[in-house]
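**Q** let me see the structure of the following:
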Amino acid sequence: MKKSLLLALAACALFHFAQAQKSTLWYLQPADIWEEALPIGNGRLGAMVFGIPGKERIQLNEDSLWPGGPDDWGLAEGKRSDLDQIRAYLFAGENEKADSLLVLKFSRKGVTRSHQTLGDLWLDFEWTEVSEYKRSLDLASATSNTEFLSEGHLVTQEILSSAPDDAILIRLKTTHPKGFRGKIMLSRPEDQGFATAETKPLNDNTLEMSGMVTQRTGQIDSKPFPILHGVKFRVLLLAQNQIGLMEAKENYLEVTGAQEIILKLVAETSYYHPEYSKVADSQLEKVMFKSWGELMSSHQREYSSWFDRMSLSLGPLVADEIPTDQRIQNVKNGQTDLHLEKLLFDFGRYLLISSSRPGTNPANLQGIWNQHIAAPWNADYHLNINLQMNYWPAEVTNLSELHAPLFDFTDGLVETGKKAASGNFGMQGTAIPHTTDLWKIPFLQAATAYWGGWIGAGAWMGRHYWEHYLFTGDIDFLRLRALPAIEQIALFYSDWLIEDPRNGMLISAPSTSPENQFINANGKKVATTLGAAMDQQLISDIFSIYLQINQILGTETALTEKVKTQFSKLRPGVLLGADGRILEWDQPYEEPEKGHRHMSHLYAFHPGSAITKSQTPEFFEAVKKTLNYRLANGGAGTGWSRAWLINFSARLLDGEMAHDNIQKLISQSLYFNLFDAHPPFQIDGNFGYTAGVAEMLVQSHEPGIIRILPALPEAWQSGEVKGIKARGGYTLDFRWENGEIKTVRVLSNLGKKVILFADGSEIELELKAGESIEMEF
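**A** Residues are numbered from 1 along each chain as shown. Down below sits the predicted model:
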């Protein structure tokens, strides 16, 4: 340490000031396509705002709008005898037969049952001679604004989705002497030519849209299966004005001469409330007489309690004079834009706050934002990285409580997965599939083994419970939530493991590496094998976590003893090939897709923590070789895959590699509204990016170690972080200039020992719970 000043402050909380750098997306033209519209949300209820003068479209979403129900489909037909036959095929080297039988007996193959749009709110007004246009999304206040001049007169639109009032709220204002003139309408797309909702006015100020979700193009087992029932919904829209006339027409409201209109939209569904229609009435009554000032104040106060917990500044404070779409284009042209990198980081936190709140469903493949009746990949829950990546930033960016919907959802999956474990495999515990939906279906999906024949999801989901405990130290959560779920997951894997006839070690079989294939000894492209790396790493990880939890809680059962024994006999999940790379399968097979987007065999490195620079340096170097090989062969082309590479690079302590992948993500995998472009849109890349930047700023996955700025790129010469979290219950603020740390402040919420790595120094800290320390370098 070049210079230090240590101040211990007892029972001191960290202060979080308003961000010096503003976080606003803004544009000088309306959205032409959905992927240019701006998202708002309160966790459950959201919208995409297009900002089109005179023809405004506000596309609506609600997180429970799914067709069907939990009892539509049963398990796949497979039984334990079928599993035994698959394993026999693998022992005999007949991987093709194993692949085919796995799909035939244990997969429901192609499934179409999709999360769906709630519909659209249309504001069809007469505006001509439009000029001085601007639209924006303020991430600090979660408010979307549109403003322009019509014939020289100002027109403004403010829109937000309020969590405290559980409503989408809009204020329209104009100085035009003729005021607002036109229609206010609600509609919902048809399902294969059939109406899915009915819209009608209830009075001169209120529209109702009600209906039921269906999926006439539904399928199961890759065969048509029209779904003619589903979640029911009711939307109520109240339009309030003081000047001018509002009249009910056949299926819309007509406005004449209003200078200001406040729209209040509520939506309720049968998923959350059996009496959803009455609940909608009640909810509208609650907001009916609240002023815009009251509504805005409660929204901003509640939202800022999340967003303001943490802030990031990169580079010097400069005026934001470049529209967001132009910033992206500039990066495509080779420029570096620190403000855009900071903005995209904040956007990830904004999206999590807006799509995942305690009591809601977890963020799906598109968060909550979806304009389709049949969305890409059903906008469902993929558990072979996508859903998990959605929640990577939750703990570290100080949004821990927003992890709750994932735990609620996983608890439900644990219960439905018990049916698959016992009914299909004749085993105890819970078998969680790689893809599921609102109804938590437990069977495997996909018509090929490499797409859906994977059993590792349970272990990966289980790690999230453990991460929450590591960050918060919440012992009640560990005992009451984490242990019950993880015990069922571990119980299944304990039954699932078999002895490898080649060496007597315990392996997972059949085992695949998600969405990837290899060339077997017979020259065939196949998926299943005996103990693919990711399965072995995942099972090792969840066994280790289970044993640690029992040690912390002082509990011991027959399963604990069995898992201890099995843990010691597990074939290692990290094995090196002759070239020093980590093997993806049980042997060094030829790879038909050498640059595959999934890098599943590096799970132990990230998001796992079994491979670290301090404890396993040989494997740490092997990770570099593995990634370099993938990249040399065209890897990481998609948004979420590129985001994972940012996280990998940060864990490698390579700031330049991380920043290079940031540049590539922005230039290759972003829509102009900052949504991640897979393509099409998948929200996981947004969350993975934010987690990756956080990983560059602070790391705490090595036991007893916190690294500050472990992967600082040359481009980030100066910056400041407030309120970032580290495992062990720590909250950190720090600032750097010219690539060197200047100040660090650490608050310990739990009171533990830790070694702080900062600016080339190793500093041993032992703070009491509630104590903080400040250091100047």
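**Q** check which element follows the helix or strand in which residue 561 is found along the chain.
**A** Residue 561 is part of helix 558-569, with elements assigned from DSSP states H and E. The helix or strand immediately downstream of helix 558-569 is helix 617-632, counting by DSSP H and E.
**Q** which residues are contacting that following helix?
**A** For helix 617-632, the external contacting residues (CB atoms under 8 Å, 6 or more residues apart in numbering) are 574, 576, 579-582, 594-596, 599, 601-602, 604-605, 611-613, 635-636, 645, 648, 651-652. C-beta coordinates here come from the backbone N, C-alpha and C atoms, glycine included.
**Q** quick check: PyMOL command selecting the buried ones in the residues you listed.
**A** Those of the contacts of helix 617-632 that count as buried under 16 or more other CB atoms under 10 Å are selected in PyMOL with:
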select buried, resi 574+576+581+582+596+599+601+602+604+605+611+612+613+635+636+645+648+651+652
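**Q** tell me which helix or strand residue 247 sits in.
**A** Using DSSP H and E, residue 247 falls in strand 245-248.
**Q** so where is the protein shaky, pLDDT-wise?
**A** 1-20 (pLDDT under 70).
**Q** mind listing what the residue of it positioned farthest from its centre touches?
**A** Within the chain, the residue lying farthest from the chain centre (CA atoms, centre = their mean) is residue 177, at 46.1 Å. By CB under 8 Å, 6+ apart, the residues touching residue 177 are residue 153.
**Q** try it again at 10 Å.
**A** Residue 177 makes contact with 151, 153, 257, 259, according to CB atoms under 10 Å, 6 or more residues apart in numbering.
**Q** how much space between it and residue 147?
**A** Residue 177 sits 18 Å away from residue 147, going by CB to CB, to the nearest Å.
**Q** measure how buried residue 735 is and give me the count.
**A** Neighbours of residue 735 under the rule other CB atoms under 10 Å: 17.
**Q** against residue 747, how distant is it?
**A** 16 Å.
**Q** now the phi/psi pair for residue 662, please.
**A** phi -60, psi -50 (degrees, to the nearest 10).
**Q** just checking, it touches residue 342?
**A** No - here residue 662 does not reach residue 342: they are 11.1 Å apart, not a contact under CB atoms under 10 Å.
**Q** most neighbours of all the contacts of residue 177, which one?
**A** Ranking the contacts of residue 177 using other CB under 10 Å puts residue 259 first, with 17 neighbours.
**Q** residue contacts, that residue?
**A** Per CB under 10 Å, 6+ apart, neighbours of residue 259: 172-180, 241-244.
**Q** with residue 373 instead?
**A** Neighbours of residue 373 in contact, by CB under 10 Å, 6+ apart: 67, 114-117, 188-192, 196, 213-217.
**Q** which of those residues are buried? Put it as a ChimeraX command.
**A** Selection of buried members from the contacts of residue 373 for ChimeraX, criterion 16+ other CB under 10 Å:
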select :67,114,115,116,117,188,191,196,213,214,215,216,217
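**Q** of the contacts of residue 373, which is the nearest to residue 44?
**A** The shortest gap between residue 44 and any of these belongs to residue 115, at 12.7 Å (CB to CB).
**Q** give me the three-state assignment for the closest one.
**A** coil (DSSP: H, G, I helix; E, B strand; the rest coil).
**Q** quickly note the distance from it to residue 613.
**A** Taking CB to CB, one finds residue 115 at 41 Å from residue 613.
**Q** now swap in residue 308 and tell me
**A** For residue 308, the distance to residue 613 - CB to CB - is 34 Å.
**Q** and what of residue 346?
**A** Residue 346 is 29 Å from residue 613, by CB to CB.
**Q** please name the residues that touch the residue nearest to the spatial centre of the chain.
**A** When CA atoms, centre = their mean is applied to the chain, the residue found nearest the centroid is residue 390 (1.7 Å). Residues in contact with residue 390, defined by CB under 10 Å, 6+ apart, are 348, 351-352, 355-356, 362-365, 367, 381-382, 405-406, 640, 682-684, 686-688, 691.
**Q** the more surrounded of residue 662 and residue 342?
**A** residue 662 (27 against 22).
**Q** ok, the more buried one - contacts?
**A** Contacts of residue 662 (CB under 10 Å, 6+ apart): 331, 336, 340-341, 344-345, 642-643, 645-646, 649, 689, 692-693, 696, 713, 715.
**Q** quick one: it from residue 724, how far?
**A** If you go by CB to CB, the gap between residue 662 and residue 724 works out to 18 Å.
**Q** and the closest residue to residue 432 other than its chain neighbours, backbone torsions?
**A** With CB to CB, 6 or more residues apart in numbering as the criterion, residue 432 has its nearest non-adjacent residue at 4.0 Å, and that residue is residue 458. With angles defined as degrees, to the nearest 10, residue 458 sits at phi -60, psi -50.
**Q** gap between residue 458 and residue 427?
**A** 12 Å.
**Q** shared neighbours of these two, which are they?
**A** 421, 492, 493, 496.
**Q** right, and the second one touches residue 419 too?
**A** This means residue 492. No - Residue 492 lies out of contact with residue 419 (CB under 10 Å); the separation is 12.0 Å.
**Q** which residues do these two both contact?
**A** 430, 431.
**Q** of these two, who's got more company?
**A** Taking other CB under 10 Å, residue 492 and residue 419 do not tie; residue 492 has more neighbours (27 against 15).
**Q** with that, I have no additional questions.
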